[in-house]
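A.B. asks: okay, sequence plus prediction incoming.
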Amino acid sequence: MYYIDPHIHMISRITDDYERLAQCGCLAVSEPAFWAGFDRASAYGFLDYFRHLVEFEPKRAAQYGIRHFCWLCINAKEAENVSLAREVISLIPQFLERPNVLGIGEIGLNKNTRNDAVVFLEQVDLAARYDELVLIHTPHLEDKYMGTRMILDMLKSDSRVRPERVLIDHVEEHTIRHALEAGYWCAMTLYPTTKCTPPRAADMIEMYGTERILVNSAGDWGPSDPLAVPKFIQEMKRRGHSEAVIRRVVLENPLRFFRQCRRWPREWEEALNGQLTADPNQTPAAAGLTV
Ligand SMILES: [Zn+2]
């Protein structure tokens, strides 16, 4: 089945992973800007990172027929250094018209500190001023519930924020309802152990339906599985869900959310639609892809 992985850090994956993604039906990936595993020494480290995301990675993906999109920001972990964060934020606008950029992300909170919140709000402001989509990282494990509540409160306090243009990522059983009820898009991250396993994600689809919900691998340099989305597809099939339901989560929903970006390549999506409807393995529901 064709799918999109809407959150995967390909910069930290080997080229063989692109090949395996393509073999499993991956049509596109979207790569949020994140922590490199160490704190960068200066804003110039981010300048090179952003160039990597907008110039090099799309070419590497294209060799395997995969479309590469990305998001730009300073991640919550390095945002603890507010002066560095402000320097990095000032570098972002020059990249915003690059064709593979979908918006600002993954911004969010790390340890729910005051500095986390200051930089989060400044990046929400950046997105509002440039009319960009927003992708939000919610904190790990014990900090997740409080962090998600803080994020939702901060978003609510800015009247420029339109919930349908914001994706709250890494939701789990105790946070998904809050984000969905406030009108945001949500994503479940499929990790082998922490975050959601494919069976837990399938449980949540069964509880909350498929509206405004995505799944992703968040594959990176740590323990993670770049093929987690195909494993979720298998789990859903095993439980007897229809192809149309599964396709809505893994393909149509990411397209619906991304399509709101003013740089979205409509010609690529139209070509994709032609390809999918011509493919006998796809059911007519694929016509739902039409813009
Ligand atoms: Zn990430």
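C.D. replies: That came through fine.

A.B. asks: in stretch 154-165, what counts as buried?
C.D. replies: Going by neighbour count (16 or more other Cβ atoms under 10 Å), the buried part of stretch 154-165 is 155, 161, 163, 165. From N, CA and C alone the C-beta is placed, and that goes for glycine too.

A.B. asks: out of the residues you listed, which are inside helices?
C.D. replies: Of the buried residues of stretch 154-165, the ones assigned to helices by DSSP state H are residue 155.

A.B. asks: okay, now the closest residue to the ion within the stretch 51-200 of the chain: neighbour count?
C.D. replies: Taking Cβ to the ion as the measure, the stretch 51-200 of the chain has residue 106 as its residue closest to the ion, at 5.3 Å. Residues near residue 106, counting by other Cβ atoms under 10 Å, number 24.

A.B. asks: residue 142 too?
C.D. replies: When counting by other Cβ under 10 Å, one arrives at 8 neighbours for residue 142.

A.B. asks: next one: the one 5 residues further on
C.D. replies: Counted with other Cβ under 10 Å, residues neighbouring residue 147 total 26.

A.B. asks: tell me which residues form a beta bridge with residue 213?
C.D. replies: residue 186 (DSSP bridges).

A.B. asks: surely it is in contact with residue 202?
C.D. replies: No - taking contacts as Cβ atoms under 8 Å, residue 213 lies outside contact range of residue 202: 11.4 Å.

A.B. asks: of those two, who's got more company?
C.D. replies: residue 202 (24 against 21).

A.B. asks: and that one, how close does it get to residue 96?
C.D. replies: 36 Å (Cβ to Cβ, to the nearest Å).

A.B. asks: just list what the host helix or strand of residue 50 packs against, helices and strands only.
C.D. replies: Following DSSP states H and E, one finds residue 50 within helix 43-51. Where contact means 3 or more Cβ pairs under 8 Å, 6 or more residues apart in numbering; DSSP states H and E, helix 43-51 is packed against helix 82-91.

A.B. asks: for stretch 154-171, the averaged confidence score.
C.D. replies: For stretch 154-171, mean pLDDT is 97.

A.B. asks: re earlier: you'd agree the residue of the stretch 51-200 of the chain closest to the ion is in a helix?
C.D. replies: No - according to DSSP: H, G, I helix; E, B strand; the rest coil, residue 106 belongs to no helix; its state is strand.
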